[in-house]
Every structure is written in C-alpha cells, then in structure tokens.
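Novice: Return atomic coordinates for the entry below.
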Amino acid sequence: TFDDGPAATTPRILAALARECVLATFFQVGKGAQALPGIVKKVAAGGHTLGHHTWSHQHLNAMSFEAAKDEIDHGIAADEAALHGKATSIPSTPFFRFPYFESTPELLDMLQARGIVVFGADFWASDWLPMTPQHELKLIISRLQVARKGIILFHDPRAQTAAMLPDFLKYLRVNGYRVVHVVPKPKSEETHVDASAPPKTH
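Specialist: Next up is the predicted model:
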C-alpha cells in the first residue's frame, strides 16, 4: 500500500509495479488529487485500487468530530472529482486509512456505518525519514523477514521509495512472496462490512 499521493514521483512507483505485474492500493490525499488529477487517473488506469486518506492529512484525533468528518468527506470528494469528474462524499472504493493511524471510536463508528473499511498496516519502511534507497531496502526486507506477511505501508511521494521499489519487488518475486490485490466486494455480494477483519495484501 502507498499513502500520501498523488505526487510527481507516483509515475515512477507505477512503472516499477507494472514491470513486475503487481497491483497495489493507493490511499490518496484529496488536496493532492485535486492538484494532480491526471496522476489519479493514471493510477486507476493501471488497475490499482484507490483508497482515501483525508483532504490534507491532519491529526483527526485532535479535531472535533464534525471537523474530522469534514476532513474525511472533503478528501473523498476531491478524490472522486479527480477520478470521475464529480465530487461526492460517497466513495466508489470504500477504503480509508487514518493519517498517522489516529482514529477515534466515534469516527470508526461513523465509517463503519457508511460501509467504509478502515485499513491499518502490519509494518512499514519508515520512509518518512531521510535515508538512502539502499538503507530503506535493507530495513523493509529485515522487517518482512520477521513478519513474513501482512500489509506494508510505503509513501509514493518519497523519492527514495520510488528508487528502492524495483529492487524490493524483485526480492519479493525471487523469494516466492505473493502480492495480493485488494478490491471492494461487488455490490451483489455484499451482506455486511467487517471492518475488524484486516485485508490481506502487501
């Protein structure tokens, strides 16, 4: 999974994924989606899943419920406008990740009531910290070797991640890992949404 895009580096991420025939989930910030709708469309055209990551990546647990709800809905609307040309707070892909993983019980209840699945992550590359691509690769491989499986969190605006990703994807292939593409359940199959069940993906 990739957070905080779209960004100028996102096409490099997409190119690396395409070379290895890997599909991922991108949790987009609405402000970036509004500024770079062409990249949003490119992510979707590549077959990737587009989730939501608020309008401007605020600490939602430090805001009032109404302000946090507006931040979520504004982000969804901007993502939908970039992708489909029409702003709506009803997401075409009901996937969401909290910035900094900072949820509140009230926000979790609100999202669950709307059928929006909240994603966490099992481990991450800490790519918000300055480091070389080689250091990031070594770090994420060491964490993968411990965890063996789970949801991995990267950030597509990070140039070091874009530079590191081809080698990491090659490592996954050579070592027999399977990358799972998570997509929403078709409407005809939906009976209920279990937000407590973690999606299985890398």
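Novice: which residues of this protein fall in strands?
Specialist: 2-3, 25-28, 49-52, 95-96, 117-118, 123-124, 152-155 (DSSP state E).
Novice: And those: which comes nearest residue 17?
Specialist: strand 2-3 (9.3 Å; CB to CB). All C-beta atoms are positioned from the backbone trio N, CA, C, and that covers glycine.
Novice: So which residues of the chain form helices?
Specialist: 10-19, 30-35, 37-45, 65-84, 105-113, 133-147, 159-174 (DSSP state H).
Novice: Now render those helices as JSON lines, adding mean pLDDT.
Specialist: JSON lines is the format used below for the helices of the chain (pLDDT from 0 to 100):
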{"stretch": "helix 10-19", "mean pLDDT": "98"}
{"stretch": "helix 30-35", "mean pLDDT": "98"}
{"stretch": "helix 37-45", "mean pLDDT": "98"}
{"stretch": "helix 65-84", "mean pLDDT": "98"}
{"stretch": "helix 105-113", "mean pLDDT": "98"}
{"stretch": "helix 133-147", "mean pLDDT": "98"}
{"stretch": "helix 159-174", "mean pLDDT": "98"}
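Novice: Can you say which of those helices is nearest to residue 122?
Specialist: That would be helix 133-147 among these, by CB to CB, at 5.8 Å.
Novice: The closest one: which residues count as buried?
Specialist: By 16 or more other CB atoms under 10 Å, the buried positions in helix 133-147 come out as 133, 136-137, 139-141, 143-144.
Novice: Which single one of the residues you listed is nearest to residue 89?
Specialist: Set against residue 89, the nearest of these by CB to CB is residue 140 (34.2 Å).
Novice: Who are the contact partners of that closest one?
Specialist: Neighbour list for residue 140: 123-125, 152, 164, 168 [criterion: CB atoms under 8 Å, 6 or more residues apart in numbering].
Novice: can you tell me which two in those residues are farthest apart?
Specialist: Maximum pairwise distance in the contacts of residue 140, criterion CB to CB, is 15.2 Å, between 123 and 164.
Novice: Count the residues that sit near residue 187.
Specialist: When neighbours are defined as other CB atoms under 10 Å, residue 187 has 6 of them.
Novice: What of residue 174?
Specialist: Residue 174 - counted by other CB under 10 Å - has 8 other residues nearby.
Novice: and if you look at residue 85?
Specialist: 9.
Novice: before we move on, what about residue 15?
Specialist: Neighbours of residue 15 (other CB under 10 Å): 13.
Novice: Please apply the same query to residue 100.
Specialist: Close neighbours of residue 100, defined as other CB under 10 Å, add up to 11.
Novice: check contacts around the residue nearest the centre of the chain.
Specialist: For the chain, residue 27 is the residue whose C-alpha lies nearest the centre (CA atoms, centre = their mean; 2.9 Å). Contacts for residue 27 (CB under 8 Å, 6+ apart) come out as 1-4, 51-53, 95-97, 119.
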